[in-house]
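Novice: No sequence on hand, only this structure:
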């Protein structure tokens with residue numbers, strides 16, 4: 001049976017039962033939207049080259065590069081990565097991690113900080129530049145939570161909400177407490 005272009009790929013490759021990687025970031029984003037940081041991080045680790053180092057011989061691609069797809073179980077070489085360097089997977093992962101897991105989101109009104117992280121993380125630090133201003137952001141999670149900002153200070157002064165609205169070309173310290 002011919003189903004169009006899908007029929008031109010060998011079994012287990014691309015749209016013919018291969019495992020596409022560039023849709024995973026959308027799943028991570030969805031998980032953060034419903035507050036499941038642990039699931040988002042779990043999905044990230046399944047396709048992140050740094051977490052797949054032990055099986056890089058199976059993937060047969062550079063151990064530091066995202067692949068477009070992984071050959072499925074019906075493929076001639078199951079588990080082999082395909083189309084490295086030619087995929088949006090890396091860009092979409094960067095977007096999912098920075099804007100949704102770490103929650104550093106440029107917005108019309110300012111820099112929104114709304115992390116959704118695994119509960120075992122105690123926090124993280126990020127240096128982010130936006131509109132000529134540098135933000136040194138420290139996120140603290142003393143309770144095992146995945147999301148929710150309870151307090152934010154900018155240069156030691158408590159601010160309402162979780163959007164930084166200062167754009168003066170200087171450097172500012174931002175501390176976010178999750179809870």
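Specialist: Structure received. Worth saying up front: this structure is predicted, and the values here are computed from it rather than measured. Numbering: from 1, shown residues only.
Novice: Show me the domain layout of this structure.
Specialist: 5-95, 108-178 (the TED database).
Novice: Make CSV out of the ones you listed and add mean pLDDT and mean neighbour count.
Specialist: The C-beta positions use only the backbone N, C-alpha and C, and glycine is treated the same way. Below are the domains of the chain laid out as CSV (pLDDT from 0 to 100; neighbours: other CB atoms under 10 Å):
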stretch, mean pLDDT, mean neighbour count
domain 5-95, 89, 17
domain 108-178, 96, 15
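Novice: and these as CSV, adding distance to residue 101?
Specialist: Output for these, formatted as CSV (distance: least, CB to CB, whole Å):
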stretch, distance to residue 101
domain 5-95, 5
domain 108-178, 6
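Novice: hang on, residue 153 packs against residue 172?
Specialist: No: using CB atoms under 8 Å, residue 153 is not in contact with residue 172; the gap is 10.2 Å.
Novice: need the strands for the protein, in chain order.
Specialist: Remark: strands assigned in the chain by DSSP state E are 19-20, 69-70, 81-82, 104-106, 111-113, 123-130, 133-141, 149-154, 157-159, 163-164, 171-178.
Novice: Where do the helices of the protein begin and end?
Specialist: Secondary structure of the chain (DSSP state H): helices located at 24-33, 37-47, 56-59, 89-95.
Novice: closest one to residue 10 among the ones you listed?
Specialist: Set against residue 10 and scored by CB to CB, those come closest in helix 56-59, at 17.6 Å.
Novice: Quick one: distance of the closest one to the chain centre.
Specialist: A distance of 23 Å separates the centroid of the chain from that of helix 56-59, by CA atoms, centre = their mean, to the nearest Å.
Novice: One more: stretch 144-151?
Specialist: 18 Å.
Novice: Now the terminal residues of that stretch, how far apart.
Specialist: One end of stretch 144-151 sits 16 Å from the other (CA to CA, to the nearest Å).
Novice: Right, I'll leave it there.
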